[in-house]
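Engineer: here are the coordinates; sequence isn't available:
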């Protein structure tokens, strides 16, 4: 039975909680149980930094932080896309514009010690995880001051200090890495969680099935986030899958499957928070499917001139824009004013201008550094 995307005005409840006791929350997204027996959590591990408070919900500060994450992603990507089209950034860029609510809602629950694996469309994940504009743009420019010394570029950008194990040019390449990191977390008895992002197209890959199967078997602290934007490159989901909901596959792995509105940052925040907390407490993995949409083409802004979706379809999704709708809610709730919202956008754009100048002025890697950090040099 197909599930429906969760619809909640959770932010309103969260702010109102300061004035009166909060009512018990409904589930952010409908779960598909794998059995009648309920999962029993093991000894509770401490949740780092942005942990979810079940009683009071997210604070005003949390709401503001998620808004900032989304704005930073949107502005970073728009500028990167324009520079790619102008030939200032080499190679192909796969932009995350439209999908910001997924990265922001998930990453709000993670610390630097928690890990993520990303995709070829991974800039937004790193920005939401705490990535700085200067080394990110420098990496896209292929400069030595980039996060990977200019060697990774767009599809292989990473930062271990932030727990970003890397974007990946291989479709479905991230889940096995995430499963391995989660195994390490459990083996070392840490409270860290690993989150793996992948798309609807990647969900058909054997690597995803193998990683999900093993993660469920060993109850690893891992969360699988499927960013279902309706297309595997240029192929509509209906043309590469017989199912409508990727989350239906979760029961075959032996884990809960959750469907959430990926254009609603609060819905993602709640569903991801529950899945991450479950993983942290020893309950094992969850498959969270976020129904979302990318505004631009598969590559860049103008793309390759292929016609595979209508302008009307794109405009219909844009009416549900995650940032604009969230900003309206923040104003209605009295969390932010229009002036404060505009100040956020202005500050982000100013930071981007400074970062682009920094990247432009940074040197290219020297030829002598070609093999640095490419091969591991162990002792003995």
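Structural biologist: Alright, I've got the coordinates. Quick caveat, the model's predicted, so the values are computed rather than measured.
Engineer: quick one, helices of this protein?
Structural biologist: 10-16, 60-85, 100-107, 123-128, 133-140, 174-187, 206-217, 250-253, 265-280, 311-318, 322-332, 338-361 (DSSP state H).
Engineer: among the ones you listed, which is the most enclosed?
Structural biologist: Highest mean neighbour count of these: helix 100-107, a mean of 29 (counted as mean count of other C-beta atoms under 10 Å). Heads up, the C-betas are built off the backbone N, CA and C, glycines and all.
Engineer: pLDDT of it, averaged?
Structural biologist: On average, the pLDDT along helix 100-107 is 98.
Engineer: what does stretch 272-291 give?
Structural biologist: Averaged across stretch 272-291, the pLDDT comes to 98.
Engineer: relative to the whole chain's centre, how far out is it?
Structural biologist: The chain centre lies 14 Å from the centre of stretch 272-291; the measure is C-alpha atoms, centre = their mean, to the nearest Å.
Engineer: shift numbering so it begins at 740
Structural biologist: Sure, I'll start numbering at 740, so the last one becomes stretch 1011-1030.
Engineer: shouldn't residue 1000 be in contact with residue 1030?
Structural biologist: Yes - using C-beta atoms under 8 Å, residue 1000 is in contact with residue 1030, at 6.1 Å.
Engineer: any idea how far residue 1055 lies from residue 1002?
Structural biologist: The gap separating residue 1055 from residue 1002 is 11 Å, by C-beta to C-beta, to the nearest Å.
Engineer: quick revisit: looking at the helices of the chain, which is closest to residue 965?
Structural biologist: helix 945-956 (8.8 Å; C-beta to C-beta).
Engineer: any residues touching that closest one, and which ones?
Structural biologist: Contacts of helix 945-956 from elsewhere in the structure, counted by C-beta atoms under 8 Å, 6 or more residues apart in numbering, are 911-912, 914-915, 917-918, 921, 935, 937, 941, 959, 961, 963, 988-989, 992-994, 1023-1024, 1026.
Engineer: cutoff 6 Å now
Structural biologist: Defining contact as C-beta atoms under 6 Å, 6 or more residues apart in numbering, one finds that helix 945-956 is touched by 911, 914, 915, 918, 941, 961, 992, 993, 994, 1024.
Engineer: avg pLDDT for it?
Structural biologist: Across helix 945-956, the average pLDDT comes to 98.
Engineer: which residues does the closest residue to residue 883 other than its chain neighbours contact?
Structural biologist: For residue 883, ignoring the flanking residues on the chain, the nearest one in space by C-beta to C-beta, 6 or more residues apart in numbering is residue 1104 at 4.5 Å. Contact analysis of residue 1104 by C-beta under 6 Å, 6+ apart lists 883, 888, 889.
Engineer: retrieve the pLDDT associated with residue 1104.
Structural biologist: So residue 1104 comes in at 93 (pLDDT).
Engineer: could you measure from it over to residue 1095?
Structural biologist: Per C-beta to C-beta, residue 1104 is found 19 Å from residue 1095.
Engineer: swap in residue 1113?
Structural biologist: Separation of residue 1113 from residue 1095 (C-beta to C-beta) stands at 28 Å.
Engineer: from memory residue 1014 sits against residue 1026, does it?
Structural biologist: No - using C-beta atoms under 6 Å, residue 1014 makes no contact with residue 1026, being 8.5 Å away.
Engineer: below-threshold pLDDT in the stretch 940-1089 of the chain: ranges please.
Structural biologist: For the stretch 940-1089 of the chain, the stretches with pLDDT under 70 are 1043.
Engineer: mind doing that once more with 90?
Structural biologist: For the stretch 940-1089 of the chain, the stretches with pLDDT under 90 are 1038-1046.
Engineer: do the same with the stretch 740-889 of the chain
Structural biologist: By pLDDT under 90, the weakly predicted segments of the stretch 740-889 of the chain are 740-796, 824-827, 829-831.
Engineer: try 50 this time
Structural biologist: Residue ranges of the stretch 740-889 of the chain with pLDDT under 50: 740-793.
Engineer: mind checking how far the closest residue to residue 938 other than its chain neighbours is from residue 1002?
Structural biologist: Closest residue to residue 938 in three dimensions, ignoring its sequence neighbours and counting by C-beta to C-beta, 6+ apart: residue 966, at 5.5 Å. Distance of residue 966 to residue 1002, computed by C-beta to C-beta: 11 Å.
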